[in-house]
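In: From the sequence below, what's the structure:
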Amino acid sequence: MAPVASPRVLEKPALLVQERAGDSAALRLLSAERSEEIFPILLEEIVKIGFQRALVLEVDFEKGEVKATASLNYDRNELERFHTSLWARDNPIMDVLQRLNPGVLPNPGGKGASFYAYPMIYSSRTRCWEAERERREDCLAVQNSRLSHRLPLEGQICSACGMRAYATLLLAQLGKDTASGRLEQLRNLAERANSSLARLFKIEHYFNRMRDMEVTISRLSAVMQSMADPVIFTDDQHRVVIQNRAAERFFRVPEGIGDGGRRAVELNNLLFSAALSSMMVSGKDTSRDLTLVDVMEGEEVLFEAVCAPTQSSDGTRTGMVTVMRDVTDLRRADMEVRANLDKLRVAEEIVRQERDRLNLVIENVGDPIIVADNSAKIVLLDTLAKELFGISEGSKHPQVMKNLAKLDAYLTAFTFSFADKDNRSLRLYNPSSQAEVEYAARSGKIYDARGQVSYTVTVLRDFTAWRKLEQLQMERRMLEIEKFAATGKLAGTIAHEINNPMEAIKNAIHILGEEIKPESRQIYDVLKNETERVTRIVRQMLGLYRNVVQFESFDLNGVVEDTFALFARPLSKAGIVVDKRLGEVPPFKGSGDQFRQLLSNLVVNSRDSMSSGGKLVIRTRGIRSTDGLHRWISLSVADTGCGISPEIQKSMFEPFVTTKSGKGTGLGLWIVKGIVENHNGRIRVRSAVGKGTVINLVFPIST
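Out: The predicted structure is shown next:
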């Protein structure tokens, strides 16, 4: 029984080879139906003619290596010695393969018998079908058959049919004295095997291409049938080659349809052919509107037929692919869009008029207006805002750039906050007046339909006019308070002087009540009642002087700022420098108006004591005891004026005591003392003639 060769390595060599009766090598090779059967048959026949072992080395062009793919009487370890790289130029195996000259090779292991190597490549004297049809001379099989130099391993792909060729090397182990006739038999077997292998390789190539084309056609047919739009393939004579089910609804007569349906199908085919002919003649149109009749529904359907020509490899037009899109609803929507567009234009004109009116209003507001988007980026500025932030200027002033930075910081903080509105003051440089101006920034948010911030609007109002008005009001109020204090003092003095005689009169009337005769009782009652009424009036006058008010929590530093804002101009005019040292002061419960009156009297006295200018220091601070349970607020007013003599210091808080030579009323410090006492405070005075005065007020804070 003869050994059977296969691509798999035979682990144990078969040494006995028997001839098969009536079975020649040529017939066996011709009877092979697949290219994989050639190498096993070839190896078996080589062993039959007297070679002990044989193998086939095949080139793998994708991996760039040469390895054994079929062998007879070899084990795996031996075959690994024949494994080499396609680019190993110094390897004898690659040298024989590329030169295409059979020859004797030494054993790769360095020991043992040598081998006879015979190269086998894809070659034929007949061109492939594609090259024959197109009359081309670049068929790879023909080119390989004419090779007289080295084999180009890099280009073993046919340019005509695209088939990748094969390249193999047949190796047969030589004996000690192998006859030349046996080598001739080996070469004949190899040539026959190569001829059969080339034929089967080409057949399998075309079979695989045909199978791939069938798969592709099946997929394209499935895709076409799954499309909801009608798709039609036509030849160059406008005859339908294939169409999907959506197209058959319009171009094929269904079963059980009447004459009307048949005529509708004929009309659809006629209209379709006319549209294709028109587009073929024009050569430019790739789409056209086409109205067809739905055979099943009996309704007209408007299609947009989009065509694309199919061409052969040489550029000859072979047919047309037409896809028809139902645009009936689209046309209706187009009409509705056009109608809505007209309405939109009318609305746009109304919006434009409203926008112009709004712009006119914004330009005449008289305050800078800024509109920003949801990322705090400025999108709109009125004329005043452009001047203030330098948007309209080519080169910006450094102060204007600071204005823009302050505005960006404010807009960013407000845009990403949770507040809907915000009121804040901003000090900005005004290019017109070239001075810093305090503005009141009033901002609000505009939300979209989803509740997200769409825009923010900020209006800046100049605080200068408001400050002047507030200063005038404060001056008037302080004047009224001072007049009221003087009136209260006068009333209190008069009431105090009247109250004692009235008490004596009341006591005398009470004593006389026991001795009044009955006929004088009526006059006595009138005298008693009127006396009591006068007493009540005196008490009301005393209450006016005491000025009982409701205490509330207020910020002492804010009161200091307001008071010095009122006296800023007079102090500056008098050449007095103000030094405010305001510390952290907790909220204080008391009367803010009385403290304004207190500070006003102290500031006026300090100003009057510095007729040639000087320095006025105001200081506030919080004081905590060592045990942490008690707290005080300290308010100090110090000046560098003429000072107070020790004699005056003893009575300076008494009413009508003054050193202003008739210019003052002498009630200022007396009012200060009364306010301090109303707030449970204490007064300390340090003064030196010619050096200045320090008045320190301390008030307790209830915990």
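
In: where does the stretch 201-350 of the chain dip in pLDDT?
Out: Scanning the stretch 201-350 of the chain for pLDDT under 70 picks out 283-285, 313.

In: Please tell me how far the residue nearest to K673 when sequence neighbours are not counted sits from R682.
Out: Distances taken as CB to CB, 6 or more residues apart in numbering place F653 nearest to K673, at 4.3 Å, with adjacent residues excluded. For glycine as for every other residue, the C-beta is placed from the backbone atoms N, C-alpha and C. To R682, F653 is 12 Å away according to CB to CB, to the nearest Å.

In: before we move on, the earlier item: neighbours around the residue nearest to K673, how many?
Out: Applying other CB atoms under 10 Å, we find 17 residues neighbouring F653.

In: Then Y166?
Out: 17.

In: What is the neighbour count of the nearest residue to it once chain neighbours are set aside?
Out: Distances taken as CB to CB, 6+ apart place Y122 nearest to Y166, at 5.3 Å, with adjacent residues excluded. Applying other CB under 10 Å, we find 21 residues neighbouring Y122.

In: in the stretch 251-400 of the chain, which spans are helices?
Out: Secondary structure of the stretch 251-400 of the chain, counting by DSSP state H, counting those that start in this stretch: helices at 259-282, 328-363, 383-389, 398-415.

In: Please tabulate those helices in CSV, including the columns distance to P501 and mean neighbour count.
Out: Listed next are the helices of the stretch 251-400 of the chain as CSV, based on distance: least, CB to CB, whole Å; neighbours: other CB atoms under 10 Å:
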stretch, distance to P501, mean neighbour count
helix 259-282, 127, 15
helix 328-363, 71, 11
helix 383-389, 69, 19
helix 398-415, 67, 16
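
In: For those, give me JSON lines that also has distance to Q243.
Out: Output for the helices of the stretch 251-400 of the chain, formatted as JSON lines (distance: least, CB to CB, whole Å):
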{"stretch": "helix 259-282", "distance to Q243": "10"}
{"stretch": "helix 328-363", "distance to Q243": "20"}
{"stretch": "helix 383-389", "distance to Q243": "67"}
{"stretch": "helix 398-415", "distance to Q243": "61"}
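
In: hang on, the earlier thing: ok, the residue nearest to K673 to I671 distance?
Out: 10 Å.

In: Helix, strand, or coil at K67?
Out: The three-state label given to K67 by DSSP: H, G, I helix; E, B strand; the rest coil is strand.

In: Next, count neighbours for the closest residue to it other than its chain neighbours.
Out: Distances taken as CB to CB, 6+ apart place H83 nearest to K67, at 4.8 Å, with adjacent residues excluded. The burial count assigned to H83 is 13, neighbours taken as other CB under 10 Å.

In: Now H83: phi and psi?
Out: H83 adopts backbone torsions of phi -70, psi 120, taken as degrees, to the nearest 10.

In: Does it touch E65 like I think?
Out: Yes. Judged on CB atoms under 8 Å, H83 makes contact with E65 at a distance of 7.1 Å.

In: check contacts around V676.
Out: Residues near V676 by CB atoms under 8 Å, 6 or more residues apart in numbering: L598, R682, I683, L697, F699.

In: which one among the residues you listed gets closest to Y74?
Out: Nearest to Y74 among these is F699, at 114.1 Å by CB to CB.

In: Surely that closest one is within a strand?
Out: Yes. The assignment for F699 is a strand, going by three-state DSSP.

In: Many thanks, have a good one.
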